[in-house]
Structure formats: C-alpha cells, structure tokens
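[1] turn this into a structure:
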Amino acid sequence: MAEAEPLRILVVEDEAETARSLERLLEKRFDASVVIAPDAISAMDHLLNDSFDLITLDYEMPDCDGLAVLKEITEMRGAPPVVMITGRGDEGVAAGAFRTGAVDYVMKDQKLSRTLPVAVGRALTETRLKKAERALAESERKYRDLVENLREGIWSIDRDARTIFVNTRMAEMLGTSVDEMIGDPLSGFMDERSAEIAIRNIEMLEGGSATHIEFELVRKDRKRIYVSVESSPIEDDEGHFVGVLWGVTDISARRQAERDLLRVNAELDGFAHTVSHDLKGPMSAIRIAGETLLSLMGAPQTEVTRSAVSEVQKVLSLNVDKSSSLIDDVLRLAEAGQVPAEVERVEIRGIVDRILEERTAEIEEKGISGRVGDDLGSVIANPTQVYQLFANLISNSIKHNKSEDPVLTISRVGENGDGAHRYLVRDNGPGIAPENIDKIFMPFFKGGEDGSGIGLSTVAKIVKVYGGEIKAYNDGGACFEFTLRDWDPEVPKPERG
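    Below is the predicted model of the structure:
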C-alpha cells in the first residue's frame, strides 16, 4: 500500500524568527511539510502554483492587511482552511477573521506553542470531515445515478411491507412517480394473491437468503404487468433484518409470448383434431361410396343398380362438399389474420345494415328485434375484414338466441383514450356457458354445437390485426365487446393473446 503523503502547510509570516518557530512546531507535531511565505504576494504565488492542506496567516502583514489576504484566499476555488494568528487580542479582530472565513483564531503570545497545534488539529479534522462528506455525497450521487440508469426497477421495502425507496424505472413500470410510491404499502400495487407471495418473500428473507419470485403488479391505470424479482435482505449496521431489496424486471412481453405460444399450440391441436376427426368422416364415406360404385359397375345394369348408382353419387357429392367447406373455413381463418392489402374509411352502419339485410329471412323466422345504434362511426380498415368480423358476431347471436322475445343489439360504446373504437354486439339469449367463456375464441372450438367452430376465432384474429382486444361475457345474454384501431402500417400493432 502506498504511504500517505505528508501534510502541506503554508505559513504566511513576515517575521523570520517567528516563521521558523512555527515551521519547527508544525513539522514536529504534525509531521508536516511546511512552506514559508514572508508576504502576501509570495503567499498568493504559492497558492496559485501549489496545493496545501492548511494555511496559518499573520494578521499584520507588511504589504497588506491580513484580512484582505484572508478574503482573497477564501474566495479561491478549493481554498484550504486558514488559521489566523495575531498579536492583537481584540474581539473585533477575531469577529472580522471568522466573518471573512478563518476557521480559527489564535494569539501570538507565550501560549502559541500550545494553542496553535490545537487550532490546526481542529481545522484539519474539520477539513477531513468535509472531504469525507463530499466524497460520500459524490459516492451517493454516483450510486443514485447508477441506480436511476438501470433498466430494471429497484424497490426497497421495510419489514412492514412499506416502500422506502424506488428508482425512476420502477415508478415508470407502475405508471406513477417516485414521490407517490414512498411510504405506500405493497398491497396498493398488487392483488391479494400477489400480495401473499410478496409477504411470504419478506418473511423468507428474514432468514437471510436471496430468492427469486414472479407475480403480477397492478399499475396506477389498473393495467397489470408480470414481473420477475430478484430479492435480497437489507440489514442494519448490527446485522438486524430491516427490509428487502428487489430488483424488478418487467417480463410481461415474455409472458405474453408464452401465452401466444400456448394459444398457437392449441390452434394446431385443434387443427389436428379437425383434420383427424371432421375430415375423417367424409373421407371414409367417399372411400366406401367409391368401393360400392366399383362393385355396382360390375353388376347387370338394371333399374335397381341405376338407382343405387344415383344414391352413391349423392353420397359422394355430399361428402366432397363437406370436405371442401371445411377446407374453405380453414383458409378463411388463416386469411383473417393477414395484414390488409387495401384499406379505406369504412362506415360501420353500412356494413351492419348489409349483413342484417342478407339475413332477413332468418331474423324474421326467429322473430328477432334488431336494435342498431344511430352512430356506429367509421374505421380505416379493409371492408372485407370488417364485414367478416360483424357478420360472424351477428350470425352467432342469431343462431344462439333462444329467448321467447329475442333481441339483437349492435352499438358503438365510444372511443378509448388511445383512439381505439369500441363496439358491443349482444343478445338476450341464455348466454355463454361459464366453462366455455375462456375457450370460445379458440379455433375449432364448438362447445357442443354444430359447425366448424372457426367463426369467433376469425373475429379474434381480425380484431388482433387492427390492434384491438375482444372479450366475451354474460350480461342478460351473450355480450361481445371489442376494439378496433384505424389501420396505420407505420404503427406496430400490440401483440395480444
């Protein structure tokens, strides 16, 4: 380890004998390197060209007033502390010295050999403390800069589960500010289940081990984010547990990707099931019909065989049509999720009126009353995709509304703050079976009903193309509420499950 440099002290004293006495005294008591300046000019020259830890300054200088020199020194950037030495025991002089910036004041008398070392020692101690404080403040500033510039959130929590510190990134994750979070309980940022995980984490950390947890946080705007947390205990100087430190990473995108992967796998599973089940029936019928036709071709051509051939031909046509229809449905589902080639401003009321007109016979047969909002607004979109979206929802409501006085309602709920157009299609039928609500947008999910099971999947795909969300719920019947954003190829659409 390198040895510490000796203290450097500048003695400003015009009396040569006194100056040498001070030099010997300071060198002996503080192991200091002493430089003597006999006047103000040489003192300032030394200060401009060298560095010192302390200055002793004679009050009475031959070329200048000692207070004037003191003023010049204390106004210098990074000036060392000054101990004023005077032969005049005047309270006014002392007050002037302290007011001008001297750290101490001693008399040039027979006690000087005792009073000066005390004053110098006190001044050096104060200087070291100030340097330590500045170093600590600088260290804290650098630490805070480091913490503030981290890409992860930093969250300190006391043992009572209250926030004692967060960095800006953590506050941004929660859509709030640092000041708003300080002192707040954890329960204000999470639901009951996540709060239980957090409290259990604090209890485990009291044992001293770092842990990893994942849970949901609730932002100020009530949106949820999923986070990964690396946690470690905080202890005081005596080793007592006082809280926890969390390093928080937003993994919502990763979780969404996992959900998307599960959804895609479910779609593939559904597709495989459809291919293996729904196509197997028609293909088996076609194969049997072909074998029957082959046998009939070898039989005598009588009225009976001709009639049998005609029936086989009908079976072939029917099952070919079934297979083609299913294949067309699968293709439509794939096309629903594609980026639109052409878009225009689409008036929603015109699309809805067209769909209702096309289904007039079915609507009249069931006695359905249609309630369509006067102002459905418009969306910049591909007209075919908008037609598919509303047609599937309206057809679904017509098909499943078994009320004695059926009503179909199509309305525009309004616009979100982010510019998304919000719509609602609802009926007053028996609603959706609770066990099916989370499944009805999955491809090929039929819920015990006839059909291919891709109508609502097509709807969900189109909504996603336009950066929207869709949810199904029961409220006096089945309700489908969704949002659409005007198509803008320059704006990436959010990924949603």
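
[2] wasn't K314 part of a helix?
    Yes - membership of K314 in a helix is supported by DSSP: H, G, I helix; E, B strand; the rest coil.

[3] measure it to E91 for me?
    126 Å (C-beta to C-beta, to the nearest Å). Any C-beta I mention is one placed from the backbone N, CA and C, and that applies to glycine too.

[4] pick out whichever of the two has more residues nearby.
    Shown here are K314 and E91; by other C-beta atoms under 10 Å, K314 has more neighbours (11 against 7).

[5] tell me who's in contact with D160.
    P185 (C-beta atoms under 8 Å, 6 or more residues apart in numbering).

[6] quick check, pLDDT for it.
    On the pLDDT scale, D160 is placed at 87.

[7] is it located within a helix, as I assumed?
    No - residue state for D160 (three-state DSSP) corresponds to coil; a helix is not indicated.

[8] quick one: it from S187, how far?
    As judged by C-beta to C-beta, D160 and S187 stand 11 Å apart.

[9] what of E27?
    According to C-beta to C-beta, E27 and S187 sit 66 Å apart.

[10] okay, domains of this protein per the record?
    Per the record, the chain has its domains at 8-146, 150-250, 257-336, 344-484, by automatic domain parsing.

[11] quick one: residues contacting the residue nearest the centre of the chain.
    In the chain, the centroid-proximal residue (C-alpha atoms, centre = their mean) is M173; its distance is 3.4 Å. By C-beta under 8 Å, 6+ apart, the contact set of M173 is G153, L217, R219, I225, V227, V248, D250.

[12] let me know the secondary structure of the nearest residue to the third one once chain neighbours are set aside.
    Spelled out, that is R219. Closest residue to R219 apart from its sequence neighbours, by C-beta to C-beta, 6 or more residues apart in numbering: G175 at 4.2 Å. Assigned by three-state DSSP, the conformation of G175 is coil.

[13] so what's G175 up against?
    So G175 contacts R219, K220, D221, K223 (C-beta under 8 Å, 6+ apart).

[14] phi, psi of it?
    Backbone torsions of G175, given as degrees, to the nearest 10, read phi 70, psi 30.

[15] buried ones in stretch 69-81, by neighbour count?
    Using 16 or more other C-beta atoms under 10 Å as the test for burial, stretch 69-81 gives V69, L70, E72, I73, P80, P81.

[16] residues in contact with that stretch?
    The set of residues external to stretch 69-81 that reach it, using C-beta under 8 Å, 6+ apart, is 10, 12, 40, 43-44, 47, 51-55, 57, 61, 82, 84, 97, 100-103, 123-124, 126-127.

[17] what average pLDDT does the helix or strand containing T163 get?
    T163 belongs to strand 163-166 when elements are defined using DSSP states H and E. The pLDDT scores in strand 163-166 average 88.

[18] check contacts around the residue lying closest to V248 once chain neighbours are set aside.
    In this structure, V248 finds its nearest non-sequential neighbour in G153, 3.7 Å apart by C-beta to C-beta, 6+ apart. Shown in contact with G153 (C-beta under 8 Å, 6+ apart): V166, N167, R169, M170, A171, M173, V227, W246, G247, V248, T249, D250.

[19] so what's G153 scoring on pLDDT?
    Value for G153, per-residue pLDDT: 87.

[20] for it, phi and psi?
    phi -80, psi 140.

[21] so what's S378 bridging to?
    In this entry, S378 is beta-bridged to E347, by DSSP bridges.

[22] and the gap between it and T249?
    Note on S378: its distance to T249, by C-beta to C-beta, is 41 Å.

[23] one more: P340?
    Distance of P340 to T249, given as C-beta to C-beta: 36 Å.

[24] and if you look at A43?
    Distance of A43 to T249, computed by C-beta to C-beta: 59 Å.

[25] could you do P383 as well?
    43 Å.

[26] likewise for S187?
    Computed as C-beta to C-beta, the S187 to T249 distance reads 21 Å.

[27] hang on, the earlier thing: between A43 and T249, who's got more neighbours?
    A43 (25 against 16).

[28] that one should be in a helix, yeah?
    Yes - A43 forms part of a helix when assessed by three-state DSSP.

[29] now do the contacts for it.
    By C-beta under 8 Å, 6+ apart, the contact list for A43 reads L10, V12, A37, I55, L57, V69, I73.

[30] likewise for V248?
    Counting by C-beta under 8 Å, 6+ apart, V248 has contacts E152, G153, I154, W155, M170, M173, V227, S228, V229.

[31] next: G121.
    With C-beta under 8 Å, 6+ apart, G121 has these contacts: F30.

[32] which element is it on?
    Counting by DSSP H and E, G121 is part of helix 112-149.

[33] and for S310?
    Assigned by DSSP H and E, S310 falls within helix 303-336.

[34] could you say which helix or strand holds the closest residue to R20 other than its chain neighbours?
    Distance criterion C-beta to C-beta, 6+ apart; nearest residue to R20, sequence neighbours excluded, is I36 at 7.7 Å. Using DSSP H and E, the element containing I36 is strand 33-37.

[35] may I have that strand as CSV, with CA atoms only?
    What follows is strand 33-37, C-alpha atoms only, in CSV (Å, rounded to 0.1, in the frame of the first residue of the first chain):
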residue,chain,number,x,y,z
SER,A,33,5.9,19.7,5.1
VAL,A,34,6.0,23.5,5.7
VAL,A,35,6.5,26.3,3.2
ILE,A,36,7.1,29.9,4.4
ALA,A,37,5.7,33.0,2.7
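
[36] list the strands paired with the strand holding T163, with their directions.
    According to DSSP bridges, strand 163-166 has the following sheet partners: strand 153-158 (antiparallel).

[37] name the residues of the partner strand that are buried.
    Across strand 153-158, burial judged by 16+ other C-beta under 10 Å covers G153, I154, W155, S156, I157.

[38] just checking, L54 touches E126?
    No - judged on C-beta atoms under 8 Å, L54 makes no contact with E126 at a distance of 10.4 Å.

[39] so what pLDDT did L150 get?
    Looking at L150, its pLDDT is 67.

[40] before we move on, what about L318?
    On the pLDDT scale, L318 gets 77.

[41] show me the contacts for it.
    Taking C-beta under 8 Å, 6+ apart, we find L318 in contact with A285.

[42] partner strands of the host helix or strand of L408, parallel or antiparallel?
    If you go by DSSP H and E, L408 is part of strand 407-415. Applying DSSP bridges, strand 407-415 is found paired with strand 369-372 (parallel), strand 421-427 (antiparallel).

[43] most tightly packed of those strands?
    Neighbour counts (mean count of other C-beta atoms under 10 Å) averaged over each of the strands paired with strand 407-415 peak at strand 421-427, with a mean of 22.

[44] you'd agree D63 is in a helix?
    No - D63 is assigned coil when assessed by three-state DSSP, not a helix.

[45] and the contacts of V248 as JSON lines, adding distance to S411?
    Listed next are the contacts of V248 as JSON lines, based on distance: C-beta to C-beta, whole Å:
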{"residue": "E152", "distance to S411": "44"}
{"residue": "G153", "distance to S411": "41"}
{"residue": "I154", "distance to S411": "46"}
{"residue": "W155", "distance to S411": "43"}
{"residue": "M170", "distance to S411": "40"}
{"residue": "M173", "distance to S411": "35"}
{"residue": "V227", "distance to S411": "37"}
{"residue": "S228", "distance to S411": "41"}
{"residue": "V229", "distance to S411": "43"}
